[in-house]
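A.B. asks: Build me a structure from this.
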Amino acid sequence: MATKTTFTPEEWELLMAGVMSSGVAVTAADPSGLWGLMKESFASAKSLVDAKANPQSSELIKAIVADFENSQTRTRVRAAMKKRLEGASGTDVKARSIETLQQASELLDAKAPEEAKSVKTWMRSIGQNVAEAAPEGGTFGFGGVQVSEAEKATLAELSNALKLPA
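C.D. replies: Next up is the predicted model:
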C-alpha cells in the first residue's frame, strides 16, 4: 500500500498539483464568470471534504486530503501551481493542467499501481464535480446547460490523461 513516504517531496507535490489540476482544467475550458468560478471552486473543495469522509477512500487519497488541510502545504502547492501556470492564457492553463494530470497518472502507475486507479478516478471526479457546479451559457446562473460542450471535451481529455475510460 502506497503512503506519502512512497513518494519523494517533489513527487508528492506533483500528486497534489494533479488533484488541483483536475478542477482548474475544467474551469479554464469554459469560464463561468465570477459566480460560476466561486461555485466551481467550492465544488473542488467539497470533493476533498467528501473524500475524507468516505470510508471507501484509499489511504493514499486520505493522505493527500490530510495534506491539503495543512496551510503550509496548501501554500507550497499553490506556489507550485502558479509556477506551472505562469504566463499561460486560458487555453494554455487547460493544456498545462492536463499535462500535470498525465504526469501524476504516470507517477501513480509507477509507484502506487495498487491504488492508481482509485486515485485517478477520484481526480477525474473532481473535474466532473467542477463541471456540474455551475450552469454554462445562462444569465446570472439561470438557463444555459449544466455541463457545456467545452467542459465535456475537457472531461474526456482528463480521462485520457489519467488513462481512464471516458
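A.B. asks: buried stuff in whatever helix or strand Ala95 lives in?
C.D. replies: In this assignment (DSSP states H and E), Ala95 forms part of helix 90-111. Buried residues in helix 90-111, counted by 16 or more other Cβ atoms under 10 Å: 93-94, 96-98, 100-105, 107-108. Placement of C-beta: from N, CA and C, glycine included.
A.B. asks: Convert the C-alpha atoms of whatever helix or strand comes next after that helix to PDB, please.
C.D. replies: Using DSSP H and E, the next helix or strand after helix 90-111 towards the C-terminus is helix 116-131. C-alpha atoms of helix 116-131 as PDB (Å, rounded to 0.1, in the frame of the first residue of the first chain):
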ATOM      1  CA  ALA A 116      -3.500   4.200  -9.000                       C
ATOM      2  CA  LYS A 117      -7.000   3.500 -10.400                       C
ATOM      3  CA  SER A 118      -8.800   4.700  -7.300                       C
ATOM      4  CA  VAL A 119      -6.800   7.900  -7.000                       C
ATOM      5  CA  LYS A 120      -7.100   8.700 -10.700                       C
ATOM      6  CA  THR A 121     -10.800   8.000 -10.700                       C
ATOM      7  CA  TRP A 122     -11.100  10.500  -7.700                       C
ATOM      8  CA  MET A 123      -9.000  13.100  -9.600                       C
ATOM      9  CA  ARG A 124     -11.400  12.800 -12.600                       C
ATOM     10  CA  SER A 125     -14.400  13.000 -10.300                       C
ATOM     11  CA  ILE A 126     -13.200  16.400  -9.000                       C
ATOM     12  CA  GLY A 127     -13.300  17.600 -12.600                       C
ATOM     13  CA  GLN A 128     -16.800  16.200 -13.000                       C
ATOM     14  CA  ASN A 129     -18.000  17.900  -9.900                       C
ATOM     15  CA  VAL A 130     -16.500  21.200 -11.000                       C
ATOM     16  CA  ALA A 131     -18.200  20.800 -14.400                       C
END
